[in-house]
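K.L.:
Here you go, sequence then predicted model.
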Amino acid sequence: MQSFLYFFGHGFCHQLPSRSFMVDGLFFSVCSRDTGIYLGLALAIVVAFFLYRRIREKPSQLPPLSIVLICALLVLPMAIDAISSYLGFRATTNTIRYITGLLAGIGLGTLVVPSLFGLTRYARADRRIFETAVSFSIYLAACLLPATLFYILYPLMGLIAPLIPVIAFVAILSILNLLVLSMSSRLQPDGNWRRWLLLIALSLAMALFEIALLGLLREALFALLPDGVNPWAIIGS
């Protein structure tokens, strides 16, 4: 089971045990920081679609500049934590890595949402998401609550716990592929459910291929290194 979990993050994360959550003897597929990032990204998208579910004409423009700046600031704690700990200025913990990664994921995910809304049939290019501070505050709270519950409860969740970041990661990678594919006029869904199914299937297939390919490239790179050399030794110390 551990090999199955590691497969999904092998090409994207260092997977150091000391920097990863563990439950029932199984380490998560990615480190605690990446776990936070992927959950944050997934929650940002899911919560945004839930909040706008009753609105037929969904806004497809970025939020106001003030909220964009807040999203940028949400990434800053992760950058500070990563750089300062890697340079040896201070020690960090898996809890801090998870929290800072989560904030960064929510911030980045918020900026992805308008592009996804733009793929819907009745997208409005003249409307911004989260036009008010109140709506954005509700959105942030709705993202943080399940992420906090996950952190508190994951030791009790058994195998389900490490599978959740895997699902979030595959979904996020598939969504990014979907956005790239939809740049082609021939593949834009335009409300056609058959085209949506085709896009989703292609995006998922691409995600699985990318995961496998980058994992193989990592193994090939490690095979070229002298015996005993660990490229993650510096950040893992």
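P.N.:
Here it is on my side, so go on.
K.L.:
so who does the closest residue to Arg19 other than its chain neighbours touch?
P.N.:
Closest residue to Arg19 apart from its sequence neighbours, by Cβ to Cβ, 6 or more residues apart in numbering: Cys31 at 4.4 Å. C-beta coordinates here come from the backbone N, C-alpha and C atoms, glycine included. If you count contacts by Cβ atoms under 8 Å, 6 or more residues apart in numbering, Cys31 has them with 13-16, 19-20, 97.
K.L.:
Report the central residue of this structure.
P.N.:
Closest residue to the average C-alpha location of the chain: Tyr38 at 2.5 Å, with Cα atoms, centre = their mean.
K.L.:
what about that residue, which SS state?
P.N.:
At Tyr38 the chain is in helix, as set by DSSP: H, G, I helix; E, B strand; the rest coil.
K.L.:
Distance check, it against Ser115.
P.N.:
Relative to Ser115, Tyr38 is positioned 18 Å away (Cβ to Cβ, to the nearest Å).
K.L.:
Ala133 too?
P.N.:
23 Å.
K.L.:
Give me the more crowded residue out of these two.
P.N.:
Counted by other Cβ atoms under 10 Å, Ala133 and Ser115 do not tie: Ser115 has more neighbours, with 16 against 12.
K.L.:
wait, the more buried one sits on Ser60?
P.N.:
Yes - assessed by Cβ atoms under 8 Å, Ser115 is found in contact with Ser60 at 7.4 Å.
K.L.:
what bits of the protein have low per-residue confidence?
P.N.:
Applying pLDDT under 70 to the chain picks out residues 185, 187, 189-192, 227-237.
K.L.:
Just give me the longest helix of it.
P.N.:
Assignment by DSSP state H gives helix 193-224 as the longest helix of the chain.
K.L.:
pretty sure Arg127 belongs to a helix, no?
P.N.:
No - in this structure, Arg127 is strand, not part of a helix, as judged by three-state DSSP.
K.L.:
mind listing what it touches?
P.N.:
Counting by Cβ under 8 Å, 6+ apart, Arg127 has contacts 57-61.
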